[in-house]
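pasted the sequence and its predicted model underneath.
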Amino acid sequence: MKKYYSYILICFTVFGLISCENDDNLAPVGNWELSEPSLISPDDGEEILLQEDRANETFYFEWEKAVSTAGFQVRYELQIDTLGSENHDSPIISMKSDNNGKATTASIQASDLDLALSYAGYSANESSELEWTVVAICQDTRTYATRTFNVMRFENEYVPSQLFLSGTATEAGTDIAMAIPMRHLENASGEATYIFEVYTSLEAGQTFKLYSKQELPAHQYGGGEGVIEKNGSAIAVEESGQYRITVNLNDHTYSLWKIENWSIVGNIIPNGWGGDEPLEYIGNGIWEKTMFLTVPNGENGGFLFRANHDWGYLLKRIQGTSNEVYMESQAGDAGIDIEDIPLNNSGEFTVTLDLSGDTYTYNLESNLSAPSETPSSLFLLENGTSIAEFSLDQDTFTSEYLPLQAGMSYSLNSAQDGSGTSYFTSNIIGATDSPDGDSVASGISFVEGEGEFSVDHDQAYKLSFNFATGSGSWQYYNIKLFHWQNWEDRNEFLMTYVHPMQFTTTQNLEAGYNLKFNSPWDVQFGTPDGGDNSLMSGALINGGGDLNPITQSGSYEANLTVDATYTNATFEFVAQ
């Protein structure tokens, strides 16, 4: 059987060229010879049965040592390869013997052997005749000893949980390390469906294949006429353009759907729901265009994305998210609730539709200019009521940490009662792809004019608005409960934010372990100097000492309440 790749076991270091050395560490001199190793087991022609319910079963290989006539040290490499192979540079498996290549034994688990044979193209539930070779290595001299053996693979073939697209037809080219990841669809229970898709551009007359990893060895898939095949021929398209490629590993099929355009449809464009405002493909699964969007008087602005002017291909916003979209025709099977995308303010926007990666998103970036002047004061209103006044430093207003809530409407005004000059941002405060980071932040833009904005999720946000540039930012902290006896082995338990200004988590805590509430490393809430670190509740300061209150191991609810500056806090531990 023809092989394509050498499988190097993850659990073994790749065996390079190793110079032998004698026991006295002296440079070898003179003429000498190296004998062949003498194989012991497995016997010639022996059958090895790989069983899925015994995937961790270990198979052993043993031989007698090879001898250097000059007494130099010999090291060994075990190779497993196709029967009759004479190329020792690219075996199916290559691994050091035990003891870093010094021992005359080696072992391999059933799962590793089966996976290597799968990569090499051997069929599941079939017995294949292979050979195992021991390579004795001393300086530049190598000797070989080979035996045959039979291996019965697992009953079922591997089905990869990820796929990548690579080839001359793709935007990423043939470098498999840059292969384009496909999205693995899930069902309503959040389970893998082994159905994959990707939005990308393909070039006519060129080809592509699918890989299970962004490195070799990997499972490869090709095919033709809508049928996907392991180790099949590369796939070509007849017409260049953008496509949605769908692969179903359950029934071994694939499909290519050509996309002429993605457009905005809704009451915010000139022809309303009967019109289309096409976006332009800019590469890597992203469409974008700058356009003016208008919210009708007395109406709520709403829109969606439509492909090829076809109402069967609609992307809508996933309910409960700020900017994630999902195909309407697929949402039911995935258990996802979707809705039209709202727009609160009119203006010129750069609209971006990003269909790359595992999460499809859209973004509306306002292109309006900065406010005409810096007001003398700035207030934040929640549902029309002032809840905070910003501090002014030159042209920049900054807040303390404010407990803001999703579902509330916020606005900015130069007067506390909302009668002054209004300002708004089209950005959603707190919207991020990494909401669980330690210190999470993002920039925003804002303009002068009536309008409201919202927050993506409840949190204590610090807001900043620079009136000289029309730009601003938001930032918040996530708090972790650090729990350790040995610092290097510490637990970092992510706490849940609870409105207002509180964090909580329930965890199993060990007696005698140190504890601290951290957002590394800006925030480190601990006991004040001279404070009692054995208390189950009390006051903390940022930069304080470690806590050590747990005297009996068990489940505890930990609660932390912070102030508006993240300088002081209170805490309690409650046994559950």
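Nice, thanks for sending it over. Numbers count the residues shown, from 1 in each chain.

which one's the longest helix in the protein?
helix 110-119 (DSSP state H).

any idea how far the helix or strand of the chain with the lowest mean pLDDT is from the chain center?
Taking mean pLDDT, DSSP states H and E as the measure, the chain has strand 439-445 as its least confident helix or strand, at a mean of 83. Distance, stretch centre to chain centre, for strand 439-445: 21 Å (CA atoms, centre = their mean, to the nearest Å).

can you list contacts of it?
By CB atoms under 8 Å, 6 or more residues apart in numbering, the residues outside strand 439-445 that reach it are 365-366, 368, 425-427, 429-432, 434, 470-478, 519, 522. Where you see a C-beta, it was placed from the backbone N, CA and C, and this is true even at glycine.

can you flag the buried ones in the residues you listed?
366, 368, 425-427, 429-432, 470-478, 519 (16 or more other CB atoms under 10 Å).

and the helices in this structure?
98-101, 110-119, 328-334.

the longest one - what's its average pLDDT?
When you say that, I think you mean helix 110-119. Helix 110-119 comes out with an average pLDDT of 96.

re earlier: now, the buried ones among the contacts of strand 439-445 that are in strands?
Among the buried ones among the contacts of strand 439-445, DSSP state E puts 366, 471-477, 519 in strands.

list the buried residues in stretch 212-231.
212-214, 217-223, 228, 230.

and stretch 173-184, by the same measure?
So for stretch 173-184, counting by 16+ other CB under 10 Å, buried means 176, 179-184.

returning to that earlier point: which of the helices of the chain sits most buried?
Greatest average neighbour count among these goes to helix 110-119 (a mean of 22), per mean count of other CB atoms under 10 Å.

chain center to that helix, what's the gap?
For helix 110-119 - counting by CA atoms, centre = their mean - the centre lies 26 Å from the chain centre.

ditto for stretch 173-180
Centroid displacement of stretch 173-180 relative to its chain, using CA atoms, centre = their mean, is 17 Å.

same check on stretch 256-270?
For stretch 256-270, the distance to the chain centre is 29 Å (CA atoms, centre = their mean).

looking at it now, give me its mean pLDDT.
Mean predicted lDDT for stretch 256-270 stands at 93.

ok, back up a step: and of the helices of the chain, who's closest to N150?
Closest to N150 of the helices of the chain is helix 110-119 (CB to CB; 11.7 Å).

and that closest one, what does it pack onto?
strand 58-64 (3 or more CB pairs under 8 Å, 6 or more residues apart in numbering; DSSP states H and E).

and of the buried residues of stretch 212-231, the nearest to D438?
Taking CB to CB as the measure, D438 sits nearest to Q214 out of the buried residues of stretch 212-231, at 28.1 Å.

now G544: closest residue in space, sequence neighbours ignored.
G526 (3.1 Å; CB to CB, 6 or more residues apart in numbering).

what sits against that neighbour?
By CB under 8 Å, 6+ apart, G526 lies in contact with 516-517, 533, 540-541, 543-547.

and if you look at Q79?
Neighbour list for Q79: 88, 91, 93-94, 132-135 [criterion: CB under 8 Å, 6+ apart].

and it, what's its pLDDT?
You'll see Q79 listed with a pLDDT of 97.

show me the contacts for I479.
Contacts of I479 (CB under 8 Å, 6+ apart): 495, 497, 503, 517-519, 523, 525, 560, 562.

make it 10 Å
Contact analysis of I479 by CB atoms under 10 Å, 6 or more residues apart in numbering lists 438, 460, 493-497, 502-505, 517-519, 523, 525, 558, 560, 562, 566, 569.

can you tell me the closest non-neighbouring residue to R142?
Spatial nearest neighbour of R142, chain neighbours left out: V135 (5.7 Å); criterion: CB to CB, 6+ apart.

hang on, L515 packs against L547?
Yes: using CB atoms under 10 Å, L515 is in contact with L547, at 4.2 Å.

in the chain, which residue is closest to the centre?
D358 (8.1 Å; CA atoms, centre = their mean).

now the strands for the stretch 101-250 of the chain?
105-109, 127-138, 141-152, 164-166, 180-181, 183-186, 192-202, 207-211, 220-224, 227-230, 235-236, 241-248 (DSSP state E, counting those that start in this stretch).

now those in JSON lines, with distance to E400?
Listed next are those as JSON lines, based on distance: least, CB to CB, whole Å:
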{"stretch": "strand 105-109", "distance to E400": "57"}
{"stretch": "strand 127-138", "distance to E400": "68"}
{"stretch": "strand 141-152", "distance to E400": "67"}
{"stretch": "strand 164-166", "distance to E400": "46"}
{"stretch": "strand 180-181", "distance to E400": "41"}
{"stretch": "strand 183-186", "distance to E400": "40"}
{"stretch": "strand 192-202", "distance to E400": "43"}
{"stretch": "strand 207-211", "distance to E400": "51"}
{"stretch": "strand 220-224", "distance to E400": "55"}
{"stretch": "strand 227-230", "distance to E400": "57"}
{"stretch": "strand 235-236", "distance to E400": "57"}
{"stretch": "strand 241-248", "distance to E400": "47"}
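
so which of those strands is nearest S409?
strand 183-186 (33.1 Å).

list the strands paired with the closest one, with their directions.
Note on strand 183-186: by DSSP bridges, its sheet partners are strand 192-202 (antiparallel).

strand 241-248 and the partner strand, what's the angle between them?
160 degrees (axes from the mean of the first three to the mean of the last three CA atoms, to 10 degrees).

avg pLDDT for strand 192-202?
On average, the pLDDT along strand 192-202 is 97.

tell me how far it lies from the chain's centre.
Going by CA atoms, centre = their mean, where strand 192-202 is centred and where its chain is centred differ by 16 Å.
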